[in-house]
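Undergrad: Quick one, what's the 3D model for this:
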Amino acid sequence: MIVRSRIIIYVVIVCTNTSLLMAIAPYVSPRSTSVNIARELAGWHMYDEYCSDTFYGSVTLTPEYSQSFRPGRLAEAIFGDSLNDEGCNDPFILIQGSLVPDRNPKAWLADYFGLPTDFDGSVFFSPRIQTFLTDIQFYAGFDNLARGLYFYAHAPVVHTRWNLNVKECSTKGTNDYPAGYFNAVPSTGASSFIGAPNSQLLSTALEFFNGSQVPNLGPDATFQRLLCGRWSCNNEHMTKTALSDIEMTLGWNFVCDYDYHVGINVRTSIPTGNKPEATFLFEPIIGSGGHWKLGAGANLHVVVWRDVAEISSISFCLDAYGQHLFDACQRRCFDLCGLANSRYMLAQRLGTQRQTPHLGDDSDAGVEFQGEFAPVANLTESYVNVSVAVEGDVLATFVYARNTMSFEIGYNFWGRTCDRIFASGACNPNSLDNTSWALKGDAQVIGFEMITNDSVNLAATESNATIFSGTNNFTSSTSRVNTNIDNPELATTTLITDVFDLPDGTQTMSSNPPVLLRTSDINFSGTKASTNKIYTHFNYTWNVDRHWNPFLGIGGELEFSDRDFCDNECGSCNDNACDTSCNRPSTSCDILTIDQWGIWLKIGVLFE
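TA: So this is what the prediction gives:
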């Protein structure tokens, strides 16, 4: 059996390939809009000293608008060091054909995307997330049953808009695909075969990346459209409206005094948002991706100063909780181990169905090209189980209160450990172990028999190709011999006649054995997250009646992401400072969080 040796435990992979590519995140996992302890508790701390023997509570509506910033950092987290920048403008990816003169080594290979070999273009990104929500909150204190006992629940209704803001500037080029590079169409001209003419190739890169177009390779070759990890383009806004996770907390302030209290709580979360579908790379997510949660927390409130008249006070409050995210079946698409952005590389299908004439002697691996191409993302797209060991939210706040007014300022840390991605039950990943897909790179997939000039399907694979280039690195369209493919053997047919490349007339090569893609080649890695936030809130309460009192507050937050990427203001990267290898424990993963700011109103009523 033709395989590359790997070690696989479940489907969590220990990557053994190395690469000078920054690790990236094929899936953007945001902080759930239900997980925001600052917004939840803002304005409530001034009532923390409320310890009585009665039933009391509050109902609150908190509309908030939030928006991401630092789009260059977010783009870098998605695409890694494939990005270029010039003077801190929108970062971009170069896309160039294999025959572009002085080709940039950081350019993605345009040939993978059905573009001409002299295509030259750039795709710019400025991703942005905008969210409007209304958080519905309910609090009830059951001091009449047990002093310090309370119940709290909240659920945000969310409308979010995710925009990759992708734009392209490109020149199509004029080259055709030579015969044998992707296809071989019979011709009555000077040569008996031609490839794909320029008119049948794509004109822009975004036609491929938005999944709308593929090149026309004729009747004997097919090219699958990109089905997973597509880019929404033409400034298309991807929007979603849903109820985010419903969070519920049952707590007990077991120490409850006029100037301080200490409490503990248990909490759970019901997933009511959406799960990732992976059709688009930058897809709107509301909630935590379908995870049920269970956890516990603690809180502390201390009045550190109070004036003699007991009109004004300063308090310190500390609130924290952690919760486990249980298994959720999600659809994601993945890169290959050690090959960042390889989901956009091109694979060819090999098989045992043979044509006449076909390979023979030492060049015959028993399989040959089957006339089908597919983006790697279509092959690595999988339903997988995802769990998270723990998510934590910690808030430290100082509150100044005077009569019915309060002002608070605080710091919030939020973090989530790495996704654990594995197969279980009905939620299993697509398997490549029983298929015959291989990386095409820039290999010629068809040769031509010396005597009859008939086409001969090869089995030429390039397992060492990258998103940037194949391994042949042809410099012209006149000589296209597969010198640098996997395990090259001079190609002959069953009649022991040489197989040539056209139009050069040099004997070409095929792989024996070819290197096929296997499930163990898929990089089933996830992300972790942590952020630091500062927030402030002003609150005013009207003393209308001793049994109910309305209040109004306004606040804002500024959240900064942590990353283990090179942190350059313009997004460029010094490779020596980066984690450049996939050769690391499978339990390690990269940080992907979102810088964002938000502003809210808090409208509610206290009742007793």
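Undergrad: Strands of the stretch 1-150 of the chain, start to end?
TA: Using DSSP state E, counting those that start in this stretch, the strands of the stretch 1-150 of the chain run over 8-9, 12-13, 55-68, 92-96, 108-109, 120-124, 128-142, 149-163.
Undergrad: ranking the ones you listed by mean pLDDT, which is last?
TA: Among these, strand 8-9 carries the lowest mean pLDDT, at a mean of 30.
Undergrad: Let's have the strands of the stretch 1-150 of the chain in JSON lines, adding distance to residue 216.
TA: C-betas here are computed from N, CA, C, even on glycine. Output for the strands of the stretch 1-150 of the chain, formatted as JSON lines (distance: least, CB to CB, whole Å):
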{"stretch": "strand 8-9", "distance to residue 216": "38"}
{"stretch": "strand 12-13", "distance to residue 216": "36"}
{"stretch": "strand 55-68", "distance to residue 216": "39"}
{"stretch": "strand 92-96", "distance to residue 216": "20"}
{"stretch": "strand 108-109", "distance to residue 216": "20"}
{"stretch": "strand 120-124", "distance to residue 216": "20"}
{"stretch": "strand 128-142", "distance to residue 216": "35"}
{"stretch": "strand 149-163", "distance to residue 216": "31"}
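Undergrad: can you give me the helices for the stretch 301-450 of the chain?
TA: For the stretch 301-450 of the chain, the helices defined by DSSP state H, counting those that start in this stretch occupy 376-380.
Undergrad: Repeat that for the stretch 151-300 of the chain.
TA: Applying DSSP H, counting those that start in this stretch to the stretch 151-300 of the chain gives helices spanning 205-209.
Undergrad: what about it, any weak spots by pLDDT?
TA: 188-191, 234-237 (pLDDT under 70).
Undergrad: any chance of the strands of the stretch 1-150 of the chain in JSON lines, with mean neighbour count and distance to residue 600 too?
TA: Below are the strands of the stretch 1-150 of the chain laid out as JSON lines (neighbours: other CB atoms under 10 Å; distance: least, CB to CB, whole Å):
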{"stretch": "strand 8-9", "mean neighbour count": "12", "distance to residue 600": "45"}
{"stretch": "strand 12-13", "mean neighbour count": "20", "distance to residue 600": "39"}
{"stretch": "strand 55-68", "mean neighbour count": "18", "distance to residue 600": "4"}
{"stretch": "strand 92-96", "mean neighbour count": "24", "distance to residue 600": "35"}
{"stretch": "strand 108-109", "mean neighbour count": "24", "distance to residue 600": "41"}
{"stretch": "strand 120-124", "mean neighbour count": "20", "distance to residue 600": "32"}
{"stretch": "strand 128-142", "mean neighbour count": "19", "distance to residue 600": "8"}
{"stretch": "strand 149-163", "mean neighbour count": "20", "distance to residue 600": "11"}
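Undergrad: Which one of those strands lies nearest to residue 507?
TA: Between residue 507 and those, the shortest separation by CB to CB is 25.6 Å, and it involves strand 108-109.
Undergrad: And that closest one, how far out from the chain middle?
TA: The chain centroid and the centroid of strand 108-109 are separated by 20 Å, computed with CA atoms, centre = their mean, to the nearest Å.
Undergrad: and that strand, what other elements does it pack with?
TA: If contacts are counted by 3 or more CB pairs under 8 Å, 6 or more residues apart in numbering; DSSP states H and E, strand 108-109 sits against strand 92-96.
Undergrad: Using CSV, write out the CA atom coordinates for the strand it packs on.
TA: Taking Å, rounded to 0.1, in the frame of the first residue of the first chain, the C-alpha atoms of strand 92-96 are listed here in CSV:
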residue,chain,number,x,y,z
PHE,A,92,-2.6,41.5,0.9
ILE,A,93,-1.7,38.1,-0.6
LEU,A,94,0.2,38.0,-3.9
ILE,A,95,-1.0,35.5,-6.4
GLN,A,96,1.2,34.8,-9.4
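Undergrad: List the contacts of it.
TA: 79, 82-85, 103-104, 106-110, 113, 115, 119-125, 170, 205 (CB atoms under 8 Å, 6 or more residues apart in numbering).
Undergrad: low-scoring pLDDT stretches of the stretch 451-600 of the chain, where are they?
TA: Short version for the stretch 451-600 of the chain, where the test is pLDDT under 70: 477-478, 496-498, 501-504, 563-588.
Undergrad: Stretch 317-329: which residues count as buried?
TA: 317, 319-328 (16 or more other CB atoms under 10 Å).
Undergrad: what's the closest of those to residue 307?
TA: residue 317 (19.1 Å).
Undergrad: partner residues bridging the closest one?
TA: Beta-bridge partners for residue 317, by DSSP bridges, are residue 301, residue 397.
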